[in-house]
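1. could you look at this predicted model? Sequence included:
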Amino acid sequence: MAEPREPTESRVAVYIDFDNVVISRYDQLHGRDSWRKDEARRNDGKSVPKLEQARVDIGAILDYASSYGTVALSRAYADWSVPANAAYKRQLVDRAIDLTQLFPASSTKNGADIRLAVDVIDDMFRLPDITHVVIVAGDSDYIPLAQRCKRLGRVVVGIGVAGSTSPALVAALDEFESYDALQHDEQPVTVGATPEPAAVAAGDDAEAPVALTPATASRLLVRALDLARGKQDDDEWLNASTVKSQIKRLNPSFNEKSLGFRSFMDFVRANDEQVEIREAGQQRFMRLREQPADASESPAPAAKRSRRAGTKAKEPEPALAPAAQAADSPVATRAPRRAKAAASSTPPTASDPFREP
């Protein structure tokens with residue numbers, strides 16, 4: 001019997017304290033303790049538009065986790081009977097996340113932190129091939145868990161909402177990334193579509209998967225390059241095989257042949273406006289092309305300023321007419337000055353007896 005080989009690629013386990021990240025995001029956008037005041041867990045009334053505004057992009061979290069390696073395990077912990085959590089059903093199912101149901105033992109605690117910690121330690125011993133542990137939460141309760149995972153030889157990565165993540169937890173991690181930095185600029189490219197909140201609430205499960213078109217594949221390529229570039233320390237050029245592996249992690253249904261290209265490099269060359277390619281022998285490297293700045297939007301040159309801060313330099317005086325220049329010339333002003341001097345040297349008169357001669 002052949003001995004098992006050492007894993008050649010990093011394998012990642014993702015654990016999401018769902019209530020923690022959803023409530024933290026809601027309070028971040030709408031004010032501290034807004035979740036409780038608005039009773040947002042009911043997902044009705046005035047909280048509906050606020051919940052949509054604070055909607056957490058689970059795809060962005062998993063995409064970032066995939067930049068460390070293959071996501072071998074992903075779990076989310078919450079009370080899924082709560083309407084606000086149930087609204088994420090389609091998004092979670094489409095990303096193949098294992099949902100762990102936690103009925104609250106009290107009105108203030110759902111026990112997600114304890115259950116999550118127990119599962120992580122169990123998985124570390126049961127799955128020795130896991131190299132990275134990603135904890136999506138911000139509570140300081142997870143500090144002992146992070147410390148234990150590091151002692152077991154795993155790289156511990158944290159993802160939390162800015163302003164709601166404990167600084168002590170950040171110090172206990174190997175790496176930390178704020179959720180705000182992970183959000184997509186556009187709709188994430190996933191295997192399945194995410195329906196509107198109303199459709200989710202109605203239980204519409206007949207949503208067809210999104211077909212991978214050249215346009216969505218191009219966005220997928222840019223996203224993969226952006227994620228992979230974040231792991232480079234010094235060189236921004238990425239190997240073609242690295243980029244393709246990252247694309248497959250983001251969307252396993254990607255296949256350049258189904259898009260009409262003979263090879264992956266043909267697909268990349270078709271996106272040469274966004275991607276720059278470099279060839280070195282048999283190796284192919286690529287990076288995102290820098291977009292040139294729009295000259296039409298460049299600001300107008302600022303007015304020249306004098307050495308004294310906050311004051312503008314004097315504007316040049318308008319040219320004078322020849323007659324005015326002659327009047328202001330030294331020759332023209334010399335005679336009036338002499339007349340004035342002569343008047344000042346006039347001898348004293350009888351009307352001014354006190355003037356000295």
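-> Sure, I can see it. None of the values given here were measured: they were computed from a predicted structure.
2. can you pull out the strands in this structure?
-> Applying DSSP state E to the chain gives strands spanning 11-17, 70-78, 98-101, 132-136, 155-160, 175-178, 238-239, 275-280, 283-288.
3. quick check: neighbours of the shortest one in the sheet, parallel or antiparallel?
-> Read it as strand 238-239. Within its sheet, strand 238-239 is paired with strand 283-288 (antiparallel), according to DSSP bridges.
4. and the partner strand with strand 275-280, angle?
-> 160 degrees (axes from the mean of the first three to the mean of the last three CA atoms, to 10 degrees).
5. coming back round to it: out of the strands of the chain, nearest to residue 212?
-> strand 275-280 (17.7 Å; CB to CB). C-betas here are computed from N, CA, C, even on glycine.
6. what are the contacting residues of that closest one?
-> 221-222, 225, 237, 265, 268-269, 284-289 (CB atoms under 8 Å, 6 or more residues apart in numbering).
7. closest one of those residues to residue 183?
-> residue 222 (15.2 Å).
8. how does this protein divide into domains?
-> 11-201, 214-288 (automatic domain parsing).
9. turn those into a markdown table, including mean neighbour count and mean pLDDT.
-> Putting the domains of the chain into a markdown table (neighbours: other CB atoms under 10 Å; pLDDT from 0 to 100) gives the following:
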| stretch | mean neighbour count | mean pLDDT |
| --- | --- | --- |
| domain 11-201 | 18 | 86 |
| domain 214-288 | 16 | 84 |
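10. ok, residue 72 to residue 16 distance?
-> Spatial separation of residue 72 from residue 16 under the definition CB to CB, to the nearest Å is 15 Å.
11. and residue 69, by the same measure?
-> 18 Å.
12. ok, now residue 33?
-> Distance from residue 33 to residue 16, by CB to CB: 22 Å.
13. go on, residue 139?
-> 13 Å.
14. reformat the strands of the chain as a markdown table; add distance to residue 251.
-> Formatted as a markdown table, those follow (distance: least, CB to CB, whole Å):
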| stretch | distance to residue 251 |
| --- | --- |
| strand 11-17 | 17 |
| strand 70-78 | 12 |
| strand 98-101 | 20 |
| strand 132-136 | 19 |
| strand 155-160 | 20 |
| strand 175-178 | 21 |
| strand 238-239 | 18 |
| strand 275-280 | 17 |
| strand 283-288 | 18 |
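15. figure out which of those is closest to residue 250.
-> strand 70-78 (10.2 Å).
16. the helices in the stretch 101-250 of the chain, which residues?
-> Using DSSP state H, counting those that start in this stretch, the helices of the stretch 101-250 of the chain run over 112-126, 143-151, 167-172, 197-201, 214-229, 240-250.
17. any chance of these in CSV, plus distance to residue 256?
-> Converted to CSV, these look like this (distance: least, CB to CB, whole Å):
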stretch, distance to residue 256
helix 112-126, 34
helix 143-151, 37
helix 167-172, 40
helix 197-201, 32
helix 214-229, 8
helix 240-250, 9
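18. can you tell which of those helices is closest to residue 160?
-> That would be helix 167-172 among the helices of the stretch 101-250 of the chain, by CB to CB, at 7.5 Å.
19. which outside residues touch the closest one?
-> 138, 139, 140, 142, 143, 146, 147, 150, 156, 158, 160, 176.
20. apply 6 Å and report the result again.
-> With contacts defined as CB atoms under 6 Å, 6 or more residues apart in numbering, helix 167-172 is touched by 140, 142, 143, 146, 147, 176.
21. show me which of these is closest to residue 55.
-> residue 176 (22.4 Å).
22. C-alpha coordinates for stretch 43-61, CSV please?
-> C-alpha atoms of stretch 43-61 as CSV (Å, rounded to 0.1, in the frame of the first residue of the first chain):
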residue,chain,number,x,y,z
ASN,A,43,-36.4,41.3,9.1
ASP,A,44,-39.6,43.3,8.9
GLY,A,45,-40.8,46.9,9.0
LYS,A,46,-38.2,49.7,8.9
SER,A,47,-35.3,47.2,9.3
VAL,A,48,-35.7,45.7,5.9
PRO,A,49,-33.9,48.5,3.9
LYS,A,50,-31.3,48.7,6.6
LEU,A,51,-30.6,45.0,6.5
GLU,A,52,-30.2,45.1,2.7
GLN,A,53,-27.8,48.0,3.0
ALA,A,54,-25.7,46.1,5.6
ARG,A,55,-25.9,42.8,3.7
VAL,A,56,-22.7,40.7,4.2
ASP,A,57,-21.1,39.4,1.1
ILE,A,58,-20.2,35.8,2.0
GLY,A,59,-18.7,35.3,-1.4
ALA,A,60,-16.1,38.0,-0.8
ILE,A,61,-15.1,36.2,2.5
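23. contacting residues around that stretch?
-> Looking at stretch 43-61 with CB under 6 Å, 6+ apart, the contacting residues turn out to be 21-22, 25-26, 29-30, 38, 40, 83-84, 87, 91, 136, 159, 182-184, 188, 190.
24. and the gap between residue 151 and residue 88?
-> 33 Å.
25. same check, this time on residue 54
-> Taken as CB to CB, the span from residue 54 to residue 88 is 12 Å.
26. same question for residue 220.
-> The spacing between residue 220 and residue 88, counted by CB to CB, is 23 Å.
27. before we move on, what about residue 122?
-> Applying CB to CB to residue 122 and residue 88 gives a distance of 25 Å.
28. likewise residue 229?
-> Counting by CB to CB, the gap from residue 229 to residue 88 is 29 Å.
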